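> I need the structure of the sequence given here:
(chains A, B, C and D)
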2 protein chains.
Amino acid sequence: MSELVEDLIVNAVLDAIAEQRLPAGTKLGEQPLSDLFSCNRANVRRALATLAAQHVVELRPNRGAFVMTPSPQEARDVFQARRAIESTIARQAAGRASVEDIAFLRTNIQDEAQARTDGDKPAELRASRQFHMRLAQIAGNLVLERFLSELTMRSTLILGLYSATGSSSCAADEHDRIVDALEAGDGGELIRLTDIHLRHLEAGLNFDAPPAAPMSLRDQLLSGG
Amino acid sequence: MSELVEDLIVNAVLDAIAEQRLPAGTKLGEQPLSDLFSCNRANVRRALATLAAQHVVELRPNRGAFVMTPSPQEARDVFQARRAIESTIARQAAGRASVEDIAFLRTNIQDEAQARTDGDKPAELRASRQFHMRLAQIAGNLVLERFLSELTMRSTLILGLYSATGSSSCAADEHDRIVDALEAGDGGELIRLTDIHLRHLEAGLNFDAPPAAPMSLRDQLLSGG
DNA sequence: CTAACATGTATTGTTAACAATTAATGATGA
DNA sequence: TCATCATTAATTGTTAACAATACATGTTAG
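Numbers count the residues shown, from 1 in each chain, chains lettered A, B, ... in the order given. This is a model prediction of the structure:
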(Lines give C-alpha, C1' and ligand atoms only; values in the text may rest on other atoms or scores of the structure.)
Protein backbone atom coordinates (compact mmCIF):
# COMPACT_ATOMS: atom_id res chain seq x y z
CA MET A 1 0.00 0.00 0.00
CA SER A 2 3.00 2.32 0.25
CA GLU A 3 2.24 4.84 -2.46
CA LEU A 4 4.75 7.09 -4.12
CA VAL A 5 4.88 10.64 -2.82
CA GLU A 6 4.14 12.07 -6.24
CA ASP A 7 0.87 10.14 -6.45
CA LEU A 8 -0.07 11.27 -2.97
CA ILE A 9 0.22 14.88 -4.03
CA VAL A 10 -1.64 14.32 -7.28
CA ASN A 11 -4.50 12.54 -5.56
CA ALA A 12 -4.75 15.09 -2.78
CA VAL A 13 -5.02 17.92 -5.28
CA LEU A 14 -7.51 16.00 -7.41
CA ASP A 15 -9.67 15.21 -4.39
CA ALA A 16 -9.56 18.81 -3.27
CA ILE A 17 -10.63 20.00 -6.71
CA ALA A 18 -13.35 17.35 -6.96
CA GLU A 19 -14.88 18.67 -3.74
CA GLN A 20 -14.42 22.33 -4.70
CA ARG A 21 -12.09 23.01 -1.83
CA LEU A 22 -9.61 24.25 -4.44
CA PRO A 23 -11.37 26.77 -6.68
CA ALA A 24 -10.14 27.69 -10.14
CA GLY A 25 -7.22 30.09 -10.13
CA THR A 26 -5.76 29.00 -6.80
CA LYS A 27 -1.99 29.15 -6.81
CA LEU A 28 -0.21 25.91 -5.99
CA GLY A 29 3.17 27.04 -4.69
CA GLU A 30 6.01 24.56 -4.64
CA GLN A 31 7.30 25.29 -1.17
CA PRO A 32 3.86 25.15 0.52
CA LEU A 33 3.19 21.79 -1.13
CA SER A 34 6.58 20.34 -0.28
CA ASP A 35 6.05 21.50 3.31
CA LEU A 36 2.58 19.98 3.51
CA PHE A 37 3.74 16.60 2.23
CA SER A 38 7.18 16.89 3.81
CA CYS A 39 9.08 16.07 0.65
CA ASN A 40 11.47 17.91 -1.64
CA ARG A 41 10.43 20.21 -4.41
CA ALA A 42 11.43 17.76 -7.13
CA ASN A 43 8.51 15.49 -6.30
CA VAL A 44 6.15 18.44 -6.19
CA ARG A 45 7.31 19.50 -9.60
CA ARG A 46 6.67 16.08 -11.10
CA ALA A 47 3.24 15.99 -9.52
CA LEU A 48 2.41 19.39 -10.98
CA ALA A 49 3.58 18.24 -14.41
CA THR A 50 1.26 15.25 -14.16
CA LEU A 51 -1.65 17.47 -13.16
CA ALA A 52 -0.88 19.86 -15.99
CA ALA A 53 -0.97 16.97 -18.45
CA GLN A 54 -4.57 16.38 -17.37
CA HIS A 55 -5.45 20.03 -17.94
CA VAL A 56 -6.51 20.34 -14.32
CA VAL A 57 -3.60 22.60 -13.49
CA GLU A 58 -2.08 25.37 -15.57
CA LEU A 59 1.71 25.79 -15.61
CA ARG A 60 2.81 29.35 -16.34
CA PRO A 61 6.57 29.61 -16.85
CA ASN A 62 8.36 31.53 -14.09
CA ARG A 63 5.00 32.20 -12.45
CA GLY A 64 4.04 28.88 -10.94
CA ALA A 65 1.16 26.39 -11.03
CA PHE A 66 -2.49 27.39 -10.78
CA VAL A 67 -5.73 25.48 -10.70
CA MET A 68 -7.07 25.69 -14.23
CA THR A 69 -9.70 28.31 -15.00
CA PRO A 70 -11.77 26.84 -17.85
CA SER A 71 -13.06 29.24 -20.48
CA PRO A 72 -16.66 29.10 -21.71
CA GLN A 73 -15.44 27.51 -24.95
CA GLU A 74 -13.54 24.93 -22.92
CA ALA A 75 -16.71 24.25 -20.93
CA ARG A 76 -18.60 23.53 -24.12
CA ASP A 77 -15.88 21.18 -25.34
CA VAL A 78 -15.72 19.35 -22.03
CA PHE A 79 -19.44 18.65 -21.94
CA GLN A 80 -19.53 17.60 -25.57
CA ALA A 81 -16.68 15.18 -24.83
CA ARG A 82 -18.55 13.90 -21.80
CA ARG A 83 -21.60 13.15 -23.93
CA ALA A 84 -19.44 11.28 -26.41
CA ILE A 85 -17.74 9.19 -23.75
CA GLU A 86 -20.60 8.62 -21.38
CA SER A 87 -22.94 7.51 -24.14
CA THR A 88 -20.47 4.78 -25.04
CA ILE A 89 -20.10 3.95 -21.37
CA ALA A 90 -23.87 3.67 -21.09
CA ARG A 91 -24.05 1.33 -24.06
CA GLN A 92 -21.33 -0.88 -22.58
CA ALA A 93 -22.66 -0.78 -19.04
CA ALA A 94 -26.16 -1.91 -19.99
CA GLY A 95 -26.46 -5.59 -19.16
CA ARG A 96 -23.13 -5.70 -17.36
CA ALA A 97 -24.14 -4.34 -13.97
CA SER A 98 -23.97 -6.76 -11.05
CA VAL A 99 -26.33 -6.66 -8.09
CA GLU A 100 -23.52 -5.05 -6.08
CA ASP A 101 -23.23 -2.34 -8.70
CA ILE A 102 -26.94 -1.58 -8.53
CA ALA A 103 -26.86 -1.56 -4.74
CA PHE A 104 -23.89 0.76 -4.71
CA LEU A 105 -25.59 3.19 -7.07
CA ARG A 106 -28.83 3.17 -5.06
CA THR A 107 -27.09 3.97 -1.80
CA ASN A 108 -24.96 6.50 -3.60
CA ILE A 109 -28.10 8.33 -4.67
CA GLN A 110 -29.33 8.34 -1.09
CA ASP A 111 -25.98 9.62 0.16
CA GLU A 112 -26.08 12.44 -2.34
CA ALA A 113 -29.61 13.40 -1.34
CA GLN A 114 -28.65 13.29 2.33
CA ALA A 115 -25.63 15.48 1.71
CA ARG A 116 -27.80 17.94 -0.17
CA THR A 117 -30.31 18.27 2.65
CA ASP A 118 -27.42 18.60 5.10
CA GLY A 119 -25.94 21.34 2.99
CA ASP A 120 -22.69 19.37 2.78
CA LYS A 121 -21.53 20.49 -0.65
CA PRO A 122 -18.24 18.54 -0.74
CA ALA A 123 -20.01 15.28 0.14
CA GLU A 124 -22.67 15.98 -2.46
CA LEU A 125 -20.10 16.62 -5.16
CA ARG A 126 -18.12 13.54 -4.16
CA ALA A 127 -21.19 11.33 -4.35
CA SER A 128 -22.29 12.75 -7.67
CA ARG A 129 -18.88 12.17 -9.15
CA GLN A 130 -18.73 8.66 -7.76
CA PHE A 131 -22.02 7.87 -9.48
CA HIS A 132 -20.67 8.66 -12.91
CA MET A 133 -17.34 6.99 -12.22
CA ARG A 134 -19.02 3.80 -11.05
CA LEU A 135 -20.91 3.60 -14.33
CA ALA A 136 -17.57 3.90 -16.09
CA GLN A 137 -16.16 1.05 -14.02
CA ILE A 138 -19.15 -1.10 -14.90
CA ALA A 139 -18.49 -0.46 -18.57
CA GLY A 140 -15.06 -1.99 -18.05
CA ASN A 141 -12.98 0.25 -20.30
CA LEU A 142 -9.98 1.72 -18.47
CA VAL A 143 -9.31 4.28 -21.20
CA LEU A 144 -12.83 5.70 -21.09
CA GLU A 145 -12.74 5.56 -17.31
CA ARG A 146 -9.61 7.68 -17.16
CA PHE A 147 -10.92 10.17 -19.71
CA LEU A 148 -14.13 10.54 -17.73
CA SER A 149 -12.17 10.99 -14.53
CA GLU A 150 -10.41 13.97 -16.08
CA LEU A 151 -13.62 15.36 -17.53
CA THR A 152 -15.59 15.15 -14.29
CA MET A 153 -12.75 16.96 -12.56
CA ARG A 154 -12.84 19.73 -15.12
CA SER A 155 -16.64 19.77 -14.94
CA THR A 156 -16.40 20.48 -11.23
CA LEU A 157 -14.21 23.49 -11.95
CA ILE A 158 -16.64 24.64 -14.62
CA LEU A 159 -19.64 24.29 -12.33
CA GLY A 160 -17.78 26.17 -9.63
CA LEU A 161 -17.21 29.03 -12.01
CA TYR A 162 -20.37 29.19 -14.07
CA SER A 163 -23.19 27.46 -12.18
CA ALA A 164 -26.15 29.80 -12.47
CA THR A 165 -28.77 28.48 -10.10
CA GLY A 166 -28.12 26.37 -7.02
CA SER A 167 -28.14 23.44 -9.45
CA SER A 168 -24.41 23.01 -9.19
CA SER A 169 -24.69 19.23 -9.30
CA CYS A 170 -26.80 16.49 -10.78
CA ALA A 171 -30.52 16.16 -10.38
CA ALA A 172 -31.11 13.21 -8.09
CA ASP A 173 -34.22 11.88 -9.80
CA GLU A 174 -32.34 11.66 -13.09
CA HIS A 175 -29.75 9.47 -11.43
CA ASP A 176 -32.61 7.37 -10.14
CA ARG A 177 -34.06 6.77 -13.55
CA ILE A 178 -30.62 5.99 -14.94
CA VAL A 179 -30.21 3.18 -12.43
CA ASP A 180 -33.68 1.92 -13.32
CA ALA A 181 -32.70 1.67 -16.98
CA LEU A 182 -29.40 0.08 -16.06
CA GLU A 183 -31.09 -2.53 -13.89
CA ALA A 184 -33.63 -3.25 -16.61
CA GLY A 185 -30.81 -3.68 -19.11
CA ASP A 186 -32.42 -1.14 -21.44
CA GLY A 187 -29.37 0.17 -23.28
CA GLY A 188 -31.19 2.58 -25.54
CA GLU A 189 -33.02 4.21 -22.66
CA LEU A 190 -29.81 4.35 -20.64
CA ILE A 191 -28.04 6.21 -23.43
CA ARG A 192 -30.97 8.57 -23.87
CA LEU A 193 -31.23 9.39 -20.16
CA THR A 194 -27.49 9.93 -19.83
CA ASP A 195 -27.45 12.34 -22.74
CA ILE A 196 -30.40 14.30 -21.35
CA HIS A 197 -28.81 14.35 -17.92
CA LEU A 198 -25.60 15.87 -19.25
CA ARG A 199 -27.49 18.42 -21.32
CA HIS A 200 -29.42 19.50 -18.25
CA LEU A 201 -26.16 19.92 -16.38
CA GLU A 202 -24.72 22.04 -19.18
CA ALA A 203 -27.94 24.05 -19.52
CA GLY A 204 -27.53 25.18 -15.92
CA LEU A 205 -24.45 27.20 -16.78
CA ASN A 206 -24.30 30.91 -17.33
CA PHE A 207 -21.16 32.58 -18.53
CA ASP A 208 -21.59 36.06 -17.13
CA ALA A 209 -20.55 35.35 -13.54
CA PRO A 210 -17.13 36.62 -12.49
CA PRO A 211 -14.64 33.99 -11.28
CA ALA A 212 -14.46 33.45 -7.53
CA ALA A 213 -11.45 34.61 -5.52
CA PRO A 214 -8.77 32.04 -4.64
CA MET A 215 -8.36 31.12 -0.98
CA SER A 216 -5.61 29.77 1.24
CA LEU A 217 -4.09 26.37 0.70
CA ARG A 218 -3.51 24.45 3.91
CA ASP A 219 -7.16 24.42 5.02
CA GLN A 220 -8.38 23.22 1.66
CA LEU A 221 -5.96 20.33 1.27
CA LEU A 222 -6.06 19.04 4.83
CA SER A 223 -9.83 18.88 5.27
CA GLY A 224 -9.99 15.86 2.96
CA GLY A 225 -6.85 14.07 4.17
CA MET B 1 8.91 30.19 -31.30
CA SER B 2 11.32 29.45 -28.46
CA GLU B 3 9.79 26.37 -26.94
CA LEU B 4 10.46 25.02 -23.50
CA VAL B 5 12.97 22.21 -23.34
CA GLU B 6 10.47 19.89 -21.70
CA ASP B 7 8.05 20.26 -24.60
CA LEU B 8 10.87 19.63 -27.06
CA ILE B 9 11.58 16.28 -25.44
CA VAL B 10 7.93 15.35 -25.21
CA ASN B 11 7.29 16.18 -28.86
CA ALA B 12 10.40 14.41 -30.06
CA VAL B 13 9.42 11.22 -28.26
CA LEU B 14 5.83 11.48 -29.46
CA ASP B 15 6.94 12.01 -33.06
CA ALA B 16 9.30 9.07 -32.81
CA ILE B 17 6.55 6.83 -31.48
CA ALA B 18 4.06 8.07 -34.08
CA GLU B 19 6.47 6.99 -36.83
CA GLN B 20 7.33 3.70 -35.13
CA ARG B 21 10.97 4.61 -34.72
CA LEU B 22 10.51 3.94 -31.00
CA PRO B 23 8.93 0.51 -30.60
CA ALA B 24 7.10 -0.59 -27.47
CA GLY B 25 9.38 -1.57 -24.62
CA THR B 26 12.27 0.72 -25.56
CA LYS B 27 14.03 2.07 -22.51
CA LEU B 28 14.20 5.86 -22.26
CA GLY B 29 17.21 6.48 -20.03
CA GLU B 30 17.53 9.84 -18.35
CA GLN B 31 21.19 10.46 -19.11
CA PRO B 32 20.92 9.57 -22.82
CA LEU B 33 17.98 11.94 -23.17
CA SER B 34 19.63 14.77 -21.26
CA ASP B 35 22.71 14.30 -23.46
CA LEU B 36 20.67 14.33 -26.66
CA PHE B 37 18.85 17.52 -25.75
CA SER B 38 21.79 18.97 -23.83
CA CYS B 39 19.82 19.75 -20.72
CA ASN B 40 19.78 18.59 -17.14
CA ARG B 41 18.01 15.51 -15.89
CA ALA B 42 15.31 17.51 -14.11
CA ASN B 43 13.77 18.56 -17.42
CA VAL B 44 13.96 15.02 -18.71
CA ARG B 45 12.17 13.79 -15.63
CA ARG B 46 9.33 16.25 -16.07
CA ALA B 47 9.00 15.31 -19.71
CA LEU B 48 8.81 11.64 -18.81
CA ALA B 49 6.15 12.38 -16.19
CA THR B 50 4.11 14.17 -18.84
CA LEU B 51 4.48 11.25 -21.24
CA ALA B 52 3.51 8.81 -18.51
CA ALA B 53 0.36 10.82 -17.83
CA GLN B 54 -0.61 10.16 -21.46
CA HIS B 55 -0.05 6.42 -21.05
CA VAL B 56 2.48 6.50 -23.83
CA VAL B 57 5.38 5.82 -21.49
CA GLU B 58 5.50 3.51 -18.49
CA LEU B 59 7.35 4.67 -15.37
CA ARG B 60 8.68 1.76 -13.29
CA PRO B 61 10.09 2.92 -9.94
CA ASN B 62 13.83 2.51 -9.63
CA ARG B 63 13.91 0.95 -13.10
CA GLY B 64 13.35 3.84 -15.43
CA ALA B 65 11.00 4.88 -18.22
CA PHE B 66 9.93 2.59 -21.06
CA VAL B 67 7.78 3.02 -24.12
CA MET B 68 4.42 1.54 -23.14
CA THR B 69 3.67 -2.01 -24.27
CA PRO B 70 -0.12 -2.14 -24.63
CA SER B 71 -1.86 -5.37 -23.67
CA PRO B 72 -4.55 -6.93 -25.88
CA GLN B 73 -7.19 -5.72 -23.44
CA GLU B 74 -5.74 -2.24 -23.62
CA ALA B 75 -5.86 -2.45 -27.41
CA ARG B 76 -9.56 -3.26 -27.29
CA ASP B 77 -10.22 -0.35 -24.93
CA VAL B 78 -8.24 2.07 -27.07
CA PHE B 79 -10.13 1.24 -30.24
CA GLN B 80 -13.48 1.38 -28.50
CA ALA B 81 -12.57 4.81 -27.17
CA ARG B 82 -11.51 5.87 -30.65
CA ARG B 83 -14.89 4.87 -32.06
CA ALA B 84 -16.63 6.85 -29.32
CA ILE B 85 -14.56 9.96 -29.93
CA GLU B 86 -14.19 9.86 -33.69
CA SER B 87 -17.91 9.31 -34.22
CA THR B 88 -18.59 12.53 -32.34
CA ILE B 89 -15.82 14.22 -34.29
CA ALA B 90 -17.41 13.03 -37.51
CA ARG B 91 -20.79 14.41 -36.50
CA GLN B 92 -19.26 17.77 -35.63
CA ALA B 93 -17.00 17.93 -38.67
CA ALA B 94 -19.79 17.36 -41.17
CA GLY B 95 -20.72 20.69 -42.69
CA ARG B 96 -17.82 22.49 -41.07
CA ALA B 97 -15.04 21.61 -43.49
CA SER B 98 -13.60 24.50 -45.52
CA VAL B 99 -12.26 24.10 -49.03
CA GLU B 100 -8.76 24.23 -47.60
CA ASP B 101 -9.63 21.35 -45.29
CA ILE B 102 -10.87 19.23 -48.17
CA ALA B 103 -7.82 20.08 -50.24
CA PHE B 104 -5.51 19.18 -47.38
CA LEU B 105 -7.20 15.83 -46.87
CA ARG B 106 -7.08 15.00 -50.59
CA THR B 107 -3.37 15.69 -50.89
CA ASN B 108 -2.83 13.87 -47.62
CA ILE B 109 -4.40 10.77 -49.12
CA GLN B 110 -2.09 11.08 -52.11
CA ASP B 111 0.93 11.51 -49.87
CA GLU B 112 0.02 8.42 -47.93
CA ALA B 113 -0.42 6.37 -51.09
CA GLN B 114 2.90 7.64 -52.40
CA ALA B 115 4.65 6.75 -49.18
CA ARG B 116 3.13 3.30 -49.30
CA THR B 117 4.38 2.62 -52.84
CA ASP B 118 7.77 4.00 -51.83
CA GLY B 119 7.85 1.68 -48.86
CA ASP B 120 8.37 4.67 -46.57
CA LYS B 121 6.63 3.40 -43.50
CA PRO B 122 7.27 6.42 -41.24
CA ALA B 123 5.88 8.81 -43.84
CA GLU B 124 2.88 6.56 -44.35
CA LEU B 125 2.13 6.44 -40.64
CA ARG B 126 2.61 10.18 -40.31
CA ALA B 127 0.20 10.91 -43.13
CA SER B 128 -2.40 8.49 -41.84
CA ARG B 129 -2.27 10.03 -38.39
CA GLN B 130 -2.46 13.53 -39.84
CA PHE B 131 -5.64 12.55 -41.66
CA HIS B 132 -7.47 11.63 -38.49
CA MET B 133 -6.06 14.58 -36.57
CA ARG B 134 -7.16 17.01 -39.26
CA LEU B 135 -10.71 15.75 -38.98
CA ALA B 136 -10.49 16.41 -35.25
CA GLN B 137 -9.32 19.95 -35.92
CA ILE B 138 -12.23 20.51 -38.27
CA ALA B 139 -14.61 19.40 -35.53
CA GLY B 140 -13.22 22.24 -33.44
CA ASN B 141 -13.19 20.58 -30.02
CA LEU B 142 -9.79 20.84 -28.32
CA VAL B 143 -10.65 18.22 -25.71
CA LEU B 144 -11.59 15.60 -28.25
CA GLU B 145 -8.58 16.59 -30.34
CA ARG B 146 -6.20 15.97 -27.47
CA PHE B 147 -7.85 12.67 -26.55
CA LEU B 148 -7.58 11.51 -30.14
CA SER B 149 -3.96 12.56 -30.27
CA GLU B 150 -3.21 10.28 -27.37
CA LEU B 151 -5.27 7.45 -28.80
CA THR B 152 -3.67 7.54 -32.24
CA MET B 153 -0.28 7.44 -30.54
CA ARG B 154 -1.27 4.38 -28.58
CA SER B 155 -2.83 2.89 -31.71
CA THR B 156 0.52 3.13 -33.44
CA LEU B 157 2.13 1.17 -30.63
CA ILE B 158 -0.65 -1.41 -30.81
CA LEU B 159 -0.31 -1.77 -34.58
CA GLY B 160 3.43 -2.13 -34.21
CA LEU B 161 2.94 -4.98 -31.79
CA TYR B 162 -0.08 -6.82 -33.12
CA SER B 163 -0.55 -5.97 -36.80
CA ALA B 164 -1.24 -9.28 -38.50
CA THR B 165 -1.03 -8.62 -42.23
CA GLY B 166 0.85 -5.83 -43.92
CA SER B 167 -2.27 -3.77 -43.20
CA SER B 168 -0.53 -1.84 -40.46
CA SER B 169 -2.22 1.39 -41.45
CA CYS B 170 -5.44 2.70 -42.87
CA ALA B 171 -6.97 1.60 -46.15
CA ALA B 172 -6.55 4.48 -48.56
CA ASP B 173 -9.87 4.07 -50.35
CA GLU B 174 -11.72 4.29 -47.06
CA HIS B 175 -10.08 7.64 -46.38
CA ASP B 176 -11.18 8.67 -49.84
CA ARG B 177 -14.82 7.88 -49.24
CA ILE B 178 -14.67 9.63 -45.88
CA VAL B 179 -13.58 12.84 -47.57
CA ASP B 180 -16.38 12.40 -50.10
CA ALA B 181 -18.96 12.22 -47.33
CA LEU B 182 -17.35 15.16 -45.56
CA GLU B 183 -17.43 17.28 -48.69
CA ALA B 184 -21.03 16.32 -49.34
CA GLY B 185 -21.91 17.29 -45.79
CA ASP B 186 -23.50 13.87 -45.22
CA GLY B 187 -23.07 13.50 -41.47
CA GLY B 188 -24.73 10.13 -41.10
CA GLU B 189 -22.64 8.60 -43.83
CA LEU B 190 -19.50 10.18 -42.37
CA ILE B 191 -20.17 8.61 -38.97
CA ARG B 192 -20.91 5.24 -40.55
CA LEU B 193 -17.76 5.23 -42.68
CA THR B 194 -15.58 6.30 -39.76
CA ASP B 195 -16.92 3.54 -37.58
CA ILE B 196 -16.37 0.92 -40.27
CA HIS B 197 -12.91 2.26 -40.92
CA LEU B 198 -11.90 1.88 -37.28
CA ARG B 199 -13.40 -1.60 -37.06
CA HIS B 200 -11.40 -2.65 -40.11
CA LEU B 201 -8.26 -1.34 -38.46
CA GLU B 202 -8.98 -3.27 -35.29
CA ALA B 203 -9.92 -6.40 -37.21
CA GLY B 204 -6.42 -6.46 -38.67
CA LEU B 205 -4.89 -7.25 -35.30
CA ASN B 206 -3.79 -10.62 -34.06
CA PHE B 207 -2.66 -11.11 -30.52
CA ASP B 208 -0.35 -14.11 -30.90
CA ALA B 209 2.70 -12.28 -32.22
CA PRO B 210 5.61 -11.82 -29.80
CA PRO B 211 6.67 -8.23 -29.07
CA ALA B 212 9.56 -6.89 -31.12
CA ALA B 213 12.98 -6.27 -29.57
CA PRO B 214 13.81 -2.72 -28.43
CA MET B 215 16.55 -0.85 -30.29
CA SER B 216 18.97 1.96 -29.60
CA LEU B 217 17.88 5.49 -28.91
CA ARG B 218 19.94 8.13 -30.64
CA ASP B 219 19.23 6.95 -34.20
CA GLN B 220 15.50 6.79 -33.62
CA LEU B 221 15.09 10.25 -32.13
CA LEU B 222 17.41 12.13 -34.46
CA SER B 223 16.10 10.82 -37.78
CA GLY B 224 12.97 12.91 -37.34
CA GLY B 225 14.57 16.05 -35.88
C1' DC C 1 -3.19 62.14 -4.81
C1' DT C 2 -1.71 59.39 -8.51
C1' DA C 3 1.64 57.18 -11.30
C1' DA C 4 6.00 55.64 -12.37
C1' DC C 5 10.14 53.87 -10.45
C1' DA C 6 13.55 51.60 -7.57
C1' DT C 7 14.51 48.45 -3.98
C1' DG C 8 13.93 44.16 -1.37
C1' DT C 9 11.67 39.81 -0.86
C1' DA C 10 9.80 35.60 -2.32
C1' DT C 11 9.27 32.11 -5.76
C1' DT C 12 10.60 29.50 -9.68
C1' DG C 13 14.40 27.45 -12.49
C1' DT C 14 18.93 25.24 -12.79
C1' DT C 15 22.78 22.71 -11.52
C1' DA C 16 25.75 19.57 -9.18
C1' DA C 17 26.87 16.35 -5.76
C1' DC C 18 25.48 12.43 -3.02
C1' DA C 19 22.64 8.21 -1.65
C1' DA C 20 20.10 4.11 -2.86
C1' DT C 21 18.65 0.73 -5.87
C1' DT C 22 19.17 -2.22 -9.71
C1' DA C 23 21.52 -4.55 -13.45
C1' DA C 24 25.82 -6.78 -14.98
C1' DT C 25 30.06 -9.14 -14.47
C1' DG C 26 32.89 -12.64 -12.98
C1' DA C 27 34.21 -15.98 -9.50
C1' DT C 28 33.23 -20.02 -6.82
C1' DG C 29 31.50 -24.55 -5.82
C1' DA C 30 28.68 -28.49 -6.72
C1' DT D 1 28.72 -27.24 -17.20
C1' DC D 2 25.42 -24.89 -14.66
C1' DA D 3 23.72 -22.47 -10.76
C1' DT D 4 24.65 -19.42 -6.94
C1' DC D 5 26.74 -15.67 -4.90
C1' DA D 6 29.79 -11.60 -4.24
C1' DT D 7 31.56 -7.61 -6.40
C1' DT D 8 31.38 -3.82 -9.62
C1' DA D 9 29.28 -0.61 -12.64
C1' DA D 10 25.47 2.02 -14.10
C1' DT D 11 21.11 4.17 -13.36
C1' DT D 12 17.55 6.21 -10.70
C1' DG D 13 16.20 8.93 -6.56
C1' DT D 14 17.14 12.67 -3.27
C1' DT D 15 18.92 16.75 -1.49
C1' DA D 16 20.92 21.24 -1.13
C1' DA D 17 22.86 25.31 -2.86
C1' DC D 18 22.82 28.86 -6.35
C1' DA D 19 20.89 31.83 -10.26
C1' DA D 20 17.17 34.15 -12.48
C1' DT D 21 12.73 35.86 -12.64
C1' DA D 22 8.62 37.89 -10.90
C1' DC D 23 6.09 40.07 -7.11
C1' DA D 24 5.38 43.43 -3.40
C1' DT D 25 6.61 47.23 -0.81
C1' DG D 26 7.77 51.77 -0.30
C1' DT D 27 9.61 55.99 -2.45
C1' DT D 28 9.70 59.96 -5.27
C1' DA D 29 8.37 63.12 -8.79
C1' DG D 30 4.64 65.28 -11.22
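
> use CA for all of it now, contacts and neighbours both
OK.

> buried sites along stretch A:58-75?
Within stretch A:58-75, the residues that qualify as buried are A:58-59, A:65-70, A:72, A:74-75, counting by 16 or more other C-alpha atoms under 10 Å in any protein chain shown.

> Revised request: answer the last question for stretch A:103-116.
Buried residues in stretch A:103-116, counted by 16+ other C-alpha under 10 Å: A:105-106, A:108-109, A:111-113, A:115-116.

> Can you name the residues in contact with it?
Stretch A:103-116 is touched from outside by A:121, A:123-125, A:127-128, A:130-131, A:134, A:172, A:175-176, A:179, with contacts defined as C-alpha atoms under 8 Å, 6 or more residues apart in numbering or on different chains.

> Residue numbers of chain A in contact with DNA strand D?
Proximity of chain A to DNA strand D (C-alpha under 7 Å from any atom of the strand) is limited to residues A:39-43, A:62-63.

> Quick check: which of the residues you listed are also close to chain B?
Intersecting the residues of chain A next to DNA strand D with the contacts of chain B gives A:Ala42 (criterion: C-alpha under 8 Å from any C-alpha of the partner chain).

> The residues of chain A next to DNA strand D, buried ones only, as a PyMOL selection?
Here is the PyMOL command that selects the buried residues among the residues of chain A next to DNA strand D (16+ other C-alpha under 10 Å):
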select buried, chain A and resi 41+43
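
> Out of the residues of chain A next to DNA strand D, which is nearest to B:Leu33?
Lowest distance from B:Leu33 to the residues of chain A next to DNA strand D (C-alpha to C-alpha) belongs to A:Ala42, with 18.3 Å.

> pLDDT score assigned to that closest one?
Each residue has a pLDDT score; the one for A:Ala42 is 96.

> now A:Met215
Looking at A:Met215, its pLDDT is 51.

> Same question for the one 10 residues further on.
According to the per-residue confidence, A:Gly225 scores 35 in pLDDT.

> Of the contacts of stretch A:103-116, which one scores lowest on pLDDT?
Across the set of the contacts of stretch A:103-116, A:Ala172 stands lowest in pLDDT, at 70.

> I'd like the distance between that residue and B:Leu33.
Distance, A:Ala172 to B:Leu33, using C-alpha to C-alpha, to the nearest Å: 51 Å.

> what does A:Lys121 give?
Counting by C-alpha to C-alpha, the gap from A:Lys121 to B:Leu33 is 46 Å.

> Between these two, which is the more surrounded one?
Applying other C-alpha atoms under 10 Å in any protein chain shown to A:Lys121 and B:Leu33 shows that B:Leu33 carries more neighbours, namely 21 against 18.

> show me what contacts that one?
B:Val44.

> how about it, secondary structure?
The three-state assignment at B:Leu33 reads helix, by DSSP: H, G, I helix; E, B strand; the rest coil.

> From chain A, how far off is it?
Note on B:Leu33: its distance to chain A, by C-alpha to the nearest C-alpha, to the nearest Å, is 17 Å.

> Distance of that residue relative to B:Lys27?
Distance, B:Leu33 to B:Lys27, using C-alpha to C-alpha: 11 Å.

> Then A:Leu4?
Counting by C-alpha to C-alpha, the gap from A:Leu4 to B:Lys27 is 21 Å.

> number of nearby residues for the residue lying closest to A:Ala16 once chain neighbours are set aside?
Among residues not flanking A:Ala16 along the chain, A:Leu22 sits closest, at 5.6 Å (C-alpha to C-alpha, 6 or more residues apart in numbering or on different chains). Neighbour count for A:Leu22, taken as other C-alpha under 10 Å: 25.
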